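>>> what would the 3D arrangement of this be:
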Amino acid sequence: MKKIKLSSSFISNINIVDRGGFVTNQGTGEKYFISHVFLKGALDRDTVKISLIETKQNQTKAKVDRVLRRNKNIFIAKVFAKKSHLAASLYPFQSKPITIKENKVKANIGDVVKIKIFDWRENHKTAYAKTISLISAENDVNTDFLFISGRYELNSLHEVGLKKVNYAFYESILKKDQEHRVDLTNIETITIDPDKAGDFDDAVSVVKKKYGYNLFIHIADVSAFVKEGDPVDIAAREKANSYYFPEKNFHMLPEFLSTDICSLKSNRNRLALTLKIKMNENCSVIKYSFFESIVKSNKRFTYSEASSIIKKLSTSPFAGSLNILNKITKILKNKRLKNNGLNLDHHKDFYSPSFNDSSTSHMKKETGKSHRIIEECMLIANKIAAKKLINMYKNSFRIGLFRNHDIPTQKSENYIKDLIAKFSKVESVSKNLSAKSINSFLKKIDDSNSRNVLSLLLIRKMKKAFYSSKNIGHYGLGFDEYTHFTSPIRRYSDLIVHRMLKKQIKNYNNIPESVDLCNRGEIRSKMAHRDYIKLKGLRWLKSQKEKNLQGIIVNLKTSHISICETSTETMGYIDINTLPRDLYVLASNKMALFGKNSKKRYDIGNVLNVKVDKVDMINQDVKFKIV
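Reported below is the predicted structural model:
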């Protein structure tokens, strides 16, 4: 970075992500990313002084001048060897190395420990720490889970313990609130969820009519039990999300509420906020209404069970409802995609709790027709809820809560155009990048692994969706307005929206702060899940070291080729120095790497046969070599 002039400075807390961190100038609201090489020893959530630098390219860059205040001195860390001593890893590419000077618990390399930094040595490269307790040995089956949950402090999130007297209180609400609600217990109602789901936010019903259909989307009415500002609400607001792992779930609400009294369990009367959508044969919305209801789920389906019935591989008395829902949601999805919604579906990896180095397999979550039923029902419910909020408050100064997704940056748009042009074998793509062109591009990719990885690559080029009190629309879905309404058991944003729809918000001045907490909670949830999956993927790759694997090129630089291994979607790299000796040149659009002498060519999207060369569990990286 060539400095031209120091334009300004400000103080901020830093949020570490990947190979750097984000800071926000509270005076202007501007957000800056700082590469890990310019963090100057800052760790996650430290208070730092930031300088802004203008480069010769007229870009504004940020760097840490100095750390003003450390956020904490006790951490969960992984032990590793660094030269002749032990060191502690909090996360990959941490900017302040930590040397373990006192190992009182006799931790070994790979163990997960709790440490205390007793000397930050701010004017030196490394800090000094001592081990306080052993959390998990290296080969413990729960090591990865304990490391990730400790890193993101999931065990430290505020918890409200409920006693039997509290159970009786909530049960009395369930009984009393049924008196004034619309009774829908006689309508056939089902839930469709993952195999091991324990909290059921949503249920659906459908009734065939002469004019078309009545579609009922029932959402657990958490707002009837959790009142704004009570102890359970305060704890839920701080967590903002539930956090799910194979080993353990960290519920946003106390477990009794999450998995019992609020949950739409089968054959139990439950309180719901129902959206009734009256639609014609073409599934166009004629009329809709929100109201408080009593519902009873007649059957709890897993995704695989529901799909089996739709495919006529098994029979069920609920086949009629499932087939109508399948028909409706197929039409809804086609309409959504036609109206400029993106279709970037891709499967996800998951691992059993017993997974470790000795494991040789993992599984993928495949999406099918039953997934589409729930997805499209929830999408239309969220869209209508957003429209309702806008109509409710258009003549007042009150704010809402929306789920926004902005258009891609010009740089990302150019990249996507280049990618489409390359695979379509055309010189360039038309000026206007549309969802239709992206969907058409992916549909033409025959290889499912390539299509899956390219979908993932395109998702990463999109801006991240976020919560806001103002609506700007959702680019990825092609919706002019969107919110989150359908998961109040596991997302605090949805609970706020329920209160807004029911006009139960006491203090609208608290909404901006709640929105900020929702954004932070979502980021924490996604990063924790991503890091957990990455560690499990690395362990699986470690067990496959001698086997031939497939990798797809997802990025190119003059120093290395970034590879996505197709079985786990784990990102790794191939060092350019391991390729046949040549002078390699990067194409101007960065879509290809050429060997000047050999004419060897490596393109984005190329499938390579690779083997694992080295797995780095500390920096969470894997080096591949071409077979």
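>>> which secondary structure element of the chain has the lowest mean pLDDT?
strand 363-365 (a mean of 54; mean pLDDT, DSSP states H and E).
>>> chain center to the helix or strand that that strand is followed by, what's the gap?
Once the chain leaves strand 363-365, the next helix or strand it forms, by DSSP states H and E, is helix 369-393. Here helix 369-393 is found 19 Å from its chain centre; the criterion is CA atoms, centre = their mean, to the nearest Å.
>>> isn't Leu264 up against Val295?
Yes: applying CB atoms under 8 Å, one finds Leu264 in contact with Val295, separated by 6.6 Å. Using the backbone N, CA and C atoms, a C-beta is placed for each residue, glycine as well.
>>> what segments of this protein are helices?
According to DSSP state H, the chain carries its helices in the segments 143-151, 164-177, 231-239, 255-256, 303-310, 319-338, 369-393, 410-424, 435-443, 448-461, 492-501, 511-543.
>>> contacting residues around stretch 226-234?
Stretch 226-234 is contacted by residues 158, 160, 236, 253-254, 257, 495, 499, 504-507 when judged by CB atoms under 8 Å, 6 or more residues apart in numbering.
>>> what do you get if the cut-off is 6 Å, keeping everything else the same?
When contacts are defined by CB atoms under 6 Å, 6 or more residues apart in numbering, stretch 226-234 is touched by residues 160, 506.
>>> list the buried ones in it?
Buried positions in stretch 226-234, judged by neighbour count with 16 or more other CB atoms under 10 Å: 226, 228, 232-233.
>>> buried deepest among the helices of the chain, which one?
Across the helices of the chain, averaging neighbours per residue (mean count of other CB atoms under 10 Å) puts helix 492-501 on top, at a mean of 25.
>>> find residues that contact each of Leu264 and Val295.
By CB under 6 Å, 6+ apart, the residues touching both Leu264 and Val295 are Arg270.
>>> how far away is Arg403 from Ser525?
According to CB to CB, to the nearest Å, Arg403 stands 15 Å off from Ser525.
>>> okay but Glu238 is in contact with Glu159, surely?
No: the pair Glu238 and Glu159 does not pass the contact test of CB atoms under 6 Å, sitting 10.0 Å apart.
>>> of the buried residues of stretch 226-234, closest to Asn334?
The shortest approach to Asn334 among the buried residues of stretch 226-234 belongs to Val226, at 37.7 Å (CB to CB).
>>> and Lys116, how close does it get to Leu146?
For Lys116, the distance to Leu146 equals 18 Å [CB to CB].
>>> pull up the gap between Phe80 and Gly476, please.
Separation of Phe80 from Gly476 (CB to CB): 39 Å.
>>> out of the two, which sits in the busier spot?
Per other CB atoms under 10 Å, whichever of Phe80 and Gly476 has more neighbours is Gly476, with 20 against 17.
>>> any figure for the gap between the more buried one and Leu454?
To Leu454, Gly476 is 16 Å away according to CB to CB.
>>> how about Asn509?
Asn509 sits 45 Å away from Leu454, going by CB to CB.
>>> repeat that for Ala127.
Separation of Ala127 from Leu454 (CB to CB): 42 Å.
>>> please name the nearest non-neighbouring residue to Ala592.
Excluding its sequence neighbours, the residue lying closest to Ala592 (CB to CB, 6 or more residues apart in numbering) is Asp603, at 4.7 Å.
>>> residues in a beta bridge with the residue lying closest to Ile132 once chain neighbours are set aside, which ones?
Of all residues not flanking Ile132 in the chain, Lys114 sits nearest, at 4.5 Å (CB to CB, 6+ apart). Beta-bridge pairing for Lys114 (DSSP bridges): Ile76, Ser133.
>>> what about Lys114, how many neighbours?
Around Lys114 there are 16 other residues, counting by other CB under 10 Å.
>>> now do the contacts for it.
Residues near Lys114 by CB under 6 Å, 6+ apart: 76, 132-133.
>>> for the residues you listed, give me JSON lines that also has pLDDT.
Below are the contacts of Lys114 laid out as JSON lines (pLDDT from 0 to 100):
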{"residue": "Ile76", "pLDDT": "96"}
{"residue": "Ile132", "pLDDT": "97"}
{"residue": "Ser133", "pLDDT": "97"}
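>>> narrow those residues to those that are buried.
Buried subset of the contacts of Lys114 (neighbour count, 16+ other CB under 10 Å): Ile76.
>>> quick check, nearest of the contacts of Lys114 to His218?
Comparing the contacts of Lys114 against His218 with CB to CB places Ile76 closest, at 39.9 Å.
>>> isn't that closest one up against Gly150?
Yes: Ile76 is in contact with Gly150 according to CB under 6 Å; the separation is 2.8 Å.
>>> how far away is the residue nearest to Lys369 when sequence neighbours are not counted from Ser321?
Leaving out its chain neighbours, the residue that sits closest to Lys369 by CB to CB, 6+ apart is Ile310, at 4.9 Å. Ile310 is 11 Å from Ser321, where distance means CB to CB.
>>> got a pLDDT number for the residue nearest to Ile132?
Looking at Lys114, its pLDDT reads 97.
>>> please renumber so the chain begins at 47
I'll keep to 47 as the first residue from here, and by that count the last item is Lys160.
>>> where are the low-confidence patches of the protein?
The model of the chain has pLDDT under 70 over residues 47-53, 391-413, 473-474, 476-477.
>>> for the residue nearest to Ala638, give its distance to Thr616.
For Asp649, the distance to Thr616 equals 21 Å [CB to CB].
>>> give me the more crowded residue out of those two.
Neighbour count, other CB under 10 Å: between Asp649 and Thr616, Thr616 has more, with 26 against 14.
>>> which non-adjacent residue is nearest the more buried one?
Leaving aside its sequence neighbours, Thr616 sits nearest to Gly583 (CB to CB, 6+ apart; 3.7 Å).
>>> in terms of contact, does the one you found touch Gly618 like I think?
No: assessed by CB under 6 Å, Gly583 is found out of contact with Gly618, at 9.5 Å.
>>> residues near the residue nearest to Lys342 when sequence neighbours are not counted, how many?
Among residues not flanking Lys342 along the chain, Thr231 sits closest, at 4.2 Å (CB to CB, 6+ apart). Using other CB under 10 Å, Thr231 is surrounded by 14 other residues.
>>> from Phe364, how far out is Thr231?
Relative to Phe364, Thr231 is positioned 16 Å away (CB to CB).
>>> equivalent analysis for His264, please.
Between His264 and Phe364 the computed distance is 15 Å (CB to CB).
>>> same check on Ile436?
Using CB to CB, one obtains 35 Å as the distance from Ile436 to Phe364.
>>> hang on, the earlier thing: now do the contacts for the residue nearest to Lys415.
By CB under 6 Å, 6+ apart, the contact set of Ile356 is 368, 372, 415.
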